[in-house]
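Undergrad: Sequence isn't available, so here's the structure alone:
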Ligand SMILES: [Zn+2]
């Protein structure tokens, strides 16, 4: 499996707010790789995250992108503060920003009949930036105020990865964001080290 392309968006963290954080990869803070680098990519992310049904026209522009990147920065700081045993507590200004983003009503879903009689999920109104930001911010508020979910927050141990995900595995001993990506990379590296060590 090759998911090494830096253009790949990830939607496997377990939460929509963490999927937004996952649009920055690489070892942080020194070598970030930002995959959310244009309004078109933001639209792609909105489809992939399920916030906007695929194919729905999204009037995303540079202002939309700027607002999503600003929320992502706030989320990174607030979520990182909740990682690990010592919770430093997030800055009050960041918590206020997160709460302000959560105030707007999230997009209302709407069921429309398809020609074959089945129902298709659409949005009741044209996608709206504040409403979509609110959906992400509300997910973060729900996650961070839920002790059970919060205790599952992990940061990938992969060498060139900083992805934050929810560890819902039974033993809670998951070390990587994905066993196919970072887990596999680690196994290959371990094998290579062993091969070097056993050389005469
Ligand atoms: Zn990883």
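TA: Yes, it's here. As the structure is a prediction and not an experimental result, all values here were calculated from the model.

Undergrad: okay, CA-based contacts and neighbour counts for the rest of this
TA: Fine.

Undergrad: I figured residue 161 was touching residue 24, is that so?
TA: No. Checked against C-alpha atoms under 8 Å, the pair residue 161 and residue 24 is beyond contact range at 9.6 Å.

Undergrad: who has more neighbours, those two?
TA: Each of residue 161 and residue 24 has its neighbours counted (other C-alpha atoms under 10 Å); residue 24 has more, 24 against 21.

Undergrad: residues touching that one, list them.
TA: 32-36 (C-alpha atoms under 8 Å, 6 or more residues apart in numbering).

Undergrad: Any of these buried? List them.
TA: Among those, the ones that count as buried by 16 or more other C-alpha atoms under 10 Å are 35-36.

Undergrad: Need phi/psi at residue 139.
TA: Main-chain torsions, residue 139, degrees, to the nearest 10: phi -60, psi -40.

Undergrad: counting contacts, what elements does the longest helix seen in the chain pack onto?
TA: For the chain, the helix with the greatest residue count under DSSP state H is helix 62-81. Judged by 3 or more C-alpha pairs under 8 Å, 6 or more residues apart in numbering; DSSP states H and E, the packing partners of helix 62-81 are helix 16-21, helix 39-48, helix 92-102, helix 129-144.

Undergrad: Minimum distance to residue 187: which of those has it?
TA: Nearest to residue 187, of all these, is helix 16-21, at 25.0 Å by C-alpha to C-alpha.

Undergrad: Check the average confidence over the closest one, would you?
TA: Mean per-residue pLDDT for helix 16-21: 97.

Undergrad: ok, now stretch 82-94?
TA: When pLDDT is averaged over stretch 82-94, the result is 75.

Undergrad: for stretch 44-59, same thing?
TA: Mean pLDDT, stretch 44-59: 96.

Undergrad: picking up where we left off before, now, which of the contacts of residue 24 lie within strands?
TA: Secondary structure assignment by DSSP state E places 33-34 of those in strands.
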